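Engineer: what follows is a predicted structure for the sequence shown.
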Amino acid sequence: MTVLLAIGTRKGLFLATSDDDRRSWRVGDAQLGGHAIYAVAIDSRRTTPRLLAGVDSSHFGPSVALSDDLGATWQESDIAPLAFPADAGVAVERVWQIAPGGPAEPDVVYAGTQPSALFRSTDGGRTYELVRGLWEHPHRTQWGAGFGGQAIHTILPHPDDPRRVLVAMSTGGVYRTADGGASWAPSNTGVKAYFLPDPWPEFGQCVHKVARDAADPDRYYLQNHHGVYRSSDGGSTWESIADTLPSDFGFAIVAHPRRAGVIWNFPLTADGERHPVDRRCRVFRSTDAGATWSPQASGLPEDPFYPVVLRDAMATDDADPAGVYFGARSGEVFASRDEGETWSTVVAHLPDVLCVRAASL
């Protein structure tokens with residue numbers, strides 16, 4: 001078994017591979033011209049996985065590059081693959097998320113952008129069209145911007161029903177469609193926005209990331225700007241699962257690829273002190289859908305640790321046992337081959353790590 005780990009940084013994409021059950025890694029040179037890579041996806045629905053990367057160029061603007069030979073070569077359209085129609089009056093500033101569609105739609109790929117918009121591709125990620133149903137939602141003009149910008153950063157197509165998609169944005173919150181994107185409804189009941197005059201608004205929450213439970217497609221886990229939540233009804237309502245975490249602030253939350261109720265989180269002290277709690281590098285795991293959490297730190301740095309783990313800089317692979325990965329803004333990437341029990345360093349001294357994705361080949 002070969003495992004591929006894709007690491008998006010502020011200065012290019014790095015691909016690491018392991019052929020010995022993730023005991024050691026070969027890390028290649030930076031690809032994609034040293035541009036910032038805020039989004040990367042490994043589309044495993046093909047015989048050879050397709051890699052897709054959101055390329056952020058200060059000179060040429062945002063784009064999506066794809067590779068069908070595991071990074072040996074990359075293709076980019078001469079015409080911007082993501083662009084608003086002329087009547088929208090805005091331009092795409094950055095690609096924050098790339099998400100393959102469900103198994104029933106092997107050529108569908110979604111992209112989330114800044115400003116907050118959803119795009120859909122039907123040719124495997126080469127070209128995209130704006131999902132107007134969300135862009136024309138009456139709430140859109142009231143969506144604000146988080147500290148990192150205004151962006152759709154989470155896209156979760158339902159694995160059993162291609163008409164159902166959940167997205168999350170900062171700020172704005174969670175929205176869902178059940179009719180293929182024609183109409184969208186806010187889905188934030190129970191998620192607190194302490195920074196607003198009404199702390200329980202219909203929309204306007206600063207959601208940082210949402211993950212889906214692999215064994216129950218209607219169970220979700222949400223990391224908010226202060227607050228960690230679970231929904232057991234497809235996102236209709238949310239309840240707090242932060243009681244046994246050392247902090248309810250953070251960016252990343254990921255779910256096990258197969259086991260029900262297993263999730264990982266990387267807590268930070270607070271929005272005003274964005275460093276790990278107690279300056280300790282620790283991942284927290286729950287095996288009961290967030291009812292209880294326990295730290296996992298064996299093999300991680302023991303010295304005071306200050307770097308942040310961003311919302312897409314944590315991921316799992318699909319091996320057994322599952323691998324767990326995270327990258328820090330200090331340029332270090334850590335891996336666990338035993339679901340977080342022990343950790344090792346994949347690579348250090350990279351540029352600022354923005355996102356990671358992993359899959360077995």
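Structural biologist: Perfect, thanks for sending it.
Engineer: contacts, neighbours, all on C-alpha from now
Structural biologist: Noted.
Engineer: mean confidence for stretch 40-51?
Structural biologist: For stretch 40-51, mean pLDDT rounds to 94.
Engineer: list the buried ones in it?
Structural biologist: Across stretch 40-51, burial judged by 16 or more other CA atoms under 10 Å covers Val40, Ala41, Ile42, Asp43, Pro49, Arg50, Leu51.
Engineer: keep only those of those that are in strands.
Structural biologist: When DSSP state E defines the strands, the subset of the buried residues of stretch 40-51 inside them is Val40, Ala41, Ile42, Asp43, Arg50, Leu51.
Engineer: and the spatially most central residue of the chain, how far is that from Leu156?
Structural biologist: Closest to where the C-alpha atoms of the chain average out (CA atoms, centre = their mean) is Asp312, at 3.8 Å. According to CA to CA, to the nearest Å, Asp312 stands 14 Å off from Leu156.
Engineer: what's near enough to touch the closest residue to Arg45 other than its chain neighbours?
Structural biologist: Distances taken as CA to CA, 6 or more residues apart in numbering place Pro106 nearest to Arg45, at 6.4 Å, with adjacent residues excluded. Listed by CA atoms under 8 Å, 6 or more residues apart in numbering, the contact partners of Pro106 are Arg45, Arg46, Gly124.
Engineer: go on, Gly133?
Structural biologist: Contact analysis of Gly133 by CA under 8 Å, 6+ apart lists Gly181, Ala182, Ser183, Trp184.
Engineer: separation between it and Leu222?
Structural biologist: Between Gly133 and Leu222 the computed distance is 24 Å (CA to CA).
Engineer: rewinding a little: dump the buried residues of stretch 40-51 to TSV, plus distance to Pro81.
Structural biologist: Converted to TSV, the buried residues of stretch 40-51 look like this (distance: CA to CA, whole Å):
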residue	distance to Pro81
Val40	15
Ala41	16
Ile42	18
Asp43	18
Pro49	20
Arg50	16
Leu51	15
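Engineer: where do the helices sit along the stretch 1-150 of the chain?
Structural biologist: 132-135 (DSSP state H, counting those that start in this stretch).
Engineer: you'd agree Val228 is up against Leu245?
Structural biologist: No - when contacts are counted by CA atoms under 8 Å, Val228 is not listed as touching Leu245 (9.0 Å).
Engineer: for the residue nearest to Trp184 when sequence neighbours are not counted, what are its contacts?
Structural biologist: Using CA to CA, 6+ apart and skipping residues adjacent in sequence, the residue nearest Trp184 is Thr177, 4.6 Å away. Listed by CA under 8 Å, 6+ apart, the contact partners of Thr177 are Arg163, Arg164, Val165, Leu166, Ser183, Trp184, Ala185.
Engineer: if we go to 6 Å?
Structural biologist: Taking CA atoms under 6 Å, 6 or more residues apart in numbering, we find Thr177 in contact with Arg164, Val165, Ser183, Trp184.
Engineer: measure it to Thr171 for me?
Structural biologist: In terms of CA to CA, Thr177 sits 18 Å off from Thr171.
Engineer: what does Val283 give?
Structural biologist: Counting by CA to CA, the gap from Val283 to Thr171 is 25 Å.
Engineer: looking at these two, which is more packed in?
Structural biologist: Using other CA atoms under 10 Å, the more surrounded residue of Val283 and Thr171 is Thr171, with 25 against 21.
Engineer: the more buried one contacts Gly144, correct?
Structural biologist: Yes - using CA atoms under 6 Å, Thr171 is in contact with Gly144, at 5.1 Å.
Engineer: can you give me the neighbour number for Pro62?
Structural biologist: Pro62 is flanked by 24 other residues according to other CA under 10 Å.
Engineer: surely it is in contact with Trp96?
Structural biologist: No - distance between Pro62 and Trp96: 10.0 Å, which falls outside the contact criterion (CA under 6 Å).
Engineer: thinking again about what came up before, which two in the buried residues of stretch 40-51 are spaced the farthest apart?
Structural biologist: The two members of the buried residues of stretch 40-51 with the most space between them (CA to CA) are Val40 and Pro49, at 12.7 Å.
Engineer: tell me the bridge partners for Ala111.
Structural biologist: For Ala111, the beta-bridge partners under DSSP bridges are Ile98, Phe119.
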